[in-house]
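J.: when you get a sec, could you give me coordinates for this:
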Amino acid sequence: MIEIYLIRHGLAGQFGDFEDDSLRPLSDIGLKKTTKVAQRLKELGLQFDVILTSPYARSMETALILQSIGLSETVEIIDELKPAGDIEFIIEQLQSMRDRVQSVAIVGHEPDLSRLAAQLIFGQNCDNLVLKKAGVIGLSTPDDGDLTGQCQLFWLSPPRLLLG
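T.: Take a look at the predicted model:
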């Protein structure tokens, strides 16, 4: 079984202020709130074997904050975590990690992370789950078999619940 934590990047700079959206960084408020969320996750005893992240600046910054707080030593960039990325590829990656990791964080974008969660829980995309910036969705995988439609939701929280 793997625990999967889907973590949306923190609050970023204004859309449209950057010619290339992939370069849009976290805002000052985003940096502060994301750091506080990461610290709270650490206080709750979370530890990730690996953090998978979108290559976009705001996701990379979020992943590096998680790493700097001590939630994982390893950050891997996955191109398919870009906005409108390949959800099936991510599921295949998770499937292949089952025998070597117990906990993985995935840092990315909306609506992709919510759609990934829905695919893993319900076996189909739906727009019923919403992940706020710096929010967390926690899923547990079955011990064996296909992940699609077989995972269980154990955590869904907006950042305000973690900021206390």
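J.: only C-alpha atoms from now on, for both contacts and neighbour counts.
T.: Will do.
J.: now do the contacts for the nearest residue to Leu23 once chain neighbours are set aside.
T.: Setting aside the residues directly before and after it, Leu23 is nearest to Ala57 in space (Cα to Cα, 6 or more residues apart in numbering), at 5.2 Å. Counting by Cα atoms under 8 Å, 6 or more residues apart in numbering, Ala57 makes contact with Ser22, Leu23, Arg24, Pro25, Leu26.
J.: how many residues are close by the last one?
T.: So the one you mean is Leu26. By other Cα atoms under 10 Å, 22 other residues sit near Leu26.
J.: mind listing what the closest residue to it other than its chain neighbours touches?
T.: Computed as Cα to Cα, 6+ apart, the closest residue to Leu26 that is not its neighbour in sequence is Ala12, at 3.9 Å. Applying Cα under 8 Å, 6+ apart, one finds that Ala12 lies in contact with Arg24, Pro25, Leu26, Ser27, Gly30, Arg58.
J.: rerun at 10 Å
T.: Listed by Cα atoms under 10 Å, 6 or more residues apart in numbering, the contact set of Ala12 reads Arg24, Pro25, Leu26, Ser27, Asp28, Ile29, Gly30, Leu31, Ala57, Arg58, Ser59, Lys133.
J.: so the residue of the chain most remote from its centre, which of the three states?
T.: Taking Cα atoms, centre = their mean, the residue of the chain most remote from its mean C-alpha position is Glu19, at 25.0 Å. Reduced to three states with DSSP: H, G, I helix; E, B strand; the rest coil, the structure at Glu19 is coil.
J.: good, we can wrap up now.
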